[in-house]
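*Asks:* Sharing a model that was predicted from the sequence below.
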Amino acid sequence: MPAEAEKRAAEHGPQRRGSPRAAPPEASGPNAEPPSSLSSEREDALLASQAARGDRDAFRRLIEKHQDLVYDLCLRMMGNVQDAEDMAQDAFVLLYRHLRDYREGHKVSNWLYTIALNRCRRQLRKKKILRFFSLDFFSGEPEDPAPEPAGDDRAPGTDLERAEDEARTRAVLASLPDSLRAPFVLRHLKKMSYGEIAKTLKLSMANVKVRLHRAKLHLWKKFGKTPPGV
């Protein structure tokens with residue numbers, strides 16, 4: 001891949017946006033995909049194919065479509081804006097380099113998230129940094145599909161309590177192993193189903209469920225509570 005092309009890919013790298021994001025639509029069955037999702041996947045596949053043949057505009061459209069979600073994933077993993085921007089940009093550069101390896105039938109978005117996740121994990125091993133999460137997942141975890149994003153119906157005066165809870169959570173999650181943190185991020189940040197997480201991390205669905213359960217159990221124990229159903 002010419003150096004100029006890689007530079008262009010990097011220059012088109014993700015920028016932080018402030019616009020709200022819609023939650024992914026719910027599927028009607030355990031493995032079903034809604035029509036809008038299927039249409040989006042087909043568009044991704046077409047853009048990836050065109051970009052692999054040198055269509056820079058197609059690659060730019062791929063970046064614009066996924067940059068916010070990739071940035072958010074990197075931010076949750078890395079814990080600071082600068083590292084998140086660097087990792088997100090690296091992910092798109094790596095995607096550009098390996099577009100010719102794309103195989104139809106695989107979701108471009110999951111492939112991109114895997115690239116970003118692996119890039120973050122390598123960097124985290126060097127810097128030993130962990131990202132911190134909120135307590136929203138303690139409300140319970142449905143069997144599938146992925147959970148809806150938490151609402152913002154807070155009673156007056158609870159902001160301080162939430163800030164204190166999040167501070168405690170930051171300290172607790174610093175001890176969460178990488179093998180548990182990665183599926184936890186994909187489940188509770190990316191709102192992925194168990195099947196999508198399994199494909200992204202190359203794990204069995206049973207293994208994904210075990211790791212998510214262990215992550216939740218780990219955090220509950222650190223907070224001195226007993227998880228429901230255990």
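*Replies:* In hand now; what should we look at?
*Asks:* Can you list the buried residues in stretch 212-225?
*Replies:* Buried residues in stretch 212-225, defined by neighbour count with 16 or more other CB atoms under 10 Å: L212, R214, A215, K216, H218, L219, W220, K222. Where C-beta positions appear, they are placed from N, C-alpha and C, glycine not excepted.
*Asks:* pLDDT wise, what is the last one at?
*Replies:* Read it as K222. pLDDT for K222: 70.
*Asks:* Would you quantify the distance from it to R121?
*Replies:* Distance check for K222 against R121: by CB to CB, to the nearest Å, it reads 22 Å.
*Asks:* what do you get for L176?
*Replies:* L176 is 13 Å from R121, by CB to CB.
*Asks:* more neighbours, those two?
*Replies:* L176 (20 against 15; other CB atoms under 10 Å).
*Asks:* Quick check: that one touching V185?
*Replies:* No: taking contacts as CB atoms under 8 Å, L176 lies outside contact range of V185: 10.1 Å.
*Asks:* Helices along the chain, start to end?
*Replies:* 3-11, 35-52, 56-78, 81-97, 108-127, 159-173, 178-188, 194-201, 205-222 (DSSP state H).
*Asks:* Show me the least confident stretch of the ones you listed, going by mean pLDDT.
*Replies:* Among the helices of the chain, helix 3-11 carries the lowest mean pLDDT (a mean of 50).
*Asks:* Report the buried residues of stretch 72-80.
*Replies:* Quick answer for stretch 72-80 (16+ other CB under 10 Å): D72, L73, C74, L75, R76, M77, M78, G79.
*Asks:* meant to ask about stretch 194-205, not that
*Replies:* Neighbour-count burial for stretch 194-205, counted by 16+ other CB under 10 Å, picks out Y194, E196, I197, A198, K199, T200, L201, L203.
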